[in-house]
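Trainee: Attaching a predicted model along with its sequence, questions to come.
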Amino acid sequence: MQTEGFMGEKEEVLSKEAWGYGEPCAANGIHAAKDVRAENGTARSTKGAAYAASGAQTASGMDEMAATQKLLAVKKELALRKEDKLAAYNVGRKRHKKQIAFHKCKKRNRWVFGGNRTGKTECGAVEAVYMARGVHPYRKNRKNVAGWVVSLSQQVQRDVAQEKILSYLSPRYI
């Protein structure tokens, strides 16, 4: 294979298989090359060229490996965010203005009143998780917060409130 050299002259570059890599250098993993024979049978001294080429290849391989690891880390984070229901609460096309107003309210005692299926439990569960995790977007977050979630009965607590809170609380925080 021919490539253009430093000063524009044409150079013959051996393929990876023709290099005849020698022992790896201990310092940085670059291979020291031996004298090898090209396909046409002529002897070539590849000492400097092999060192430079293998160094470039190792560097690009490392860059490729680092880029791959970074890409996998990003994919993992996106998957975690996708399953994080709290991050998707009241964002997007459908926003519940009354729930947002409740979360933004600075009063100490806040109440949510509404009819069936108006989002009271959602709102309370998200508020509980915001406070417990210390990530409330509209209030000053405190450390070491303790609180109570109260329901009419143990069954309602288990089947409704606890289920809703656990749906917003990612398993990595439990």
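Mentor: Structure's in. What do you need? Residues are numbered from 1 along each chain as shown.
Trainee: switch to C-alpha atoms for all contacts and neighbour counts from now on
Mentor: Fine.
Trainee: Which residue ranges of this protein form helices?
Mentor: Counting by DSSP state H, one finds helices in the chain at the ranges 16-19, 47-83, 97-104, 120-133, 154-156, 162-168.
Trainee: can I get those helices in JSON lines with mean pLDDT, mean neighbour count and distance to residue 147?
Mentor: Shown next, in JSON lines, are these (pLDDT from 0 to 100; neighbours: other CA atoms under 10 Å; distance: least, CA to CA, whole Å):
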{"stretch": "helix 16-19", "mean pLDDT": "43", "mean neighbour count": "13", "distance to residue 147": "65"}
{"stretch": "helix 47-83", "mean pLDDT": "71", "mean neighbour count": "14", "distance to residue 147": "25"}
{"stretch": "helix 97-104", "mean pLDDT": "94", "mean neighbour count": "14", "distance to residue 147": "16"}
{"stretch": "helix 120-133", "mean pLDDT": "94", "mean neighbour count": "19", "distance to residue 147": "8"}
{"stretch": "helix 154-156", "mean pLDDT": "95", "mean neighbour count": "12", "distance to residue 147": "17"}
{"stretch": "helix 162-168", "mean pLDDT": "94", "mean neighbour count": "17", "distance to residue 147": "13"}
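Trainee: Nearest to residue 110, out of those?
Mentor: In terms of CA to CA, the element of the helices of the chain nearest to residue 110 is helix 97-104, at 7.2 Å.
Trainee: And the contacts of that closest one?
Mentor: Applying CA atoms under 8 Å, 6 or more residues apart in numbering, the set of residues contacting helix 97-104 from outside is 90, 110-112, 119, 123, 127, 138-139.
Trainee: what's the answer for stretch 140-154, then?
Mentor: With contacts defined as CA under 8 Å, 6+ apart, stretch 140-154 is touched by 128, 131-132, 134-135, 157, 161.
Trainee: Identify the residue spatially nearest to residue 85, adjacent ones excluded.
Mentor: Nearest in space to residue 85, with sequence neighbours left out and distances taken as CA to CA, 6 or more residues apart in numbering, is residue 168 at 5.3 Å.
Trainee: contacting residues around that neighbour?
Mentor: 84-86, 125-126, 129.
Trainee: mind putting the helices of the chain in TSV, distance to residue 143 included?
Mentor: Shown next, in TSV, are the helices of the chain (distance: least, CA to CA, whole Å):
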stretch	distance to residue 143
helix 16-19	58
helix 47-83	24
helix 97-104	19
helix 120-133	9
helix 154-156	29
helix 162-168	20
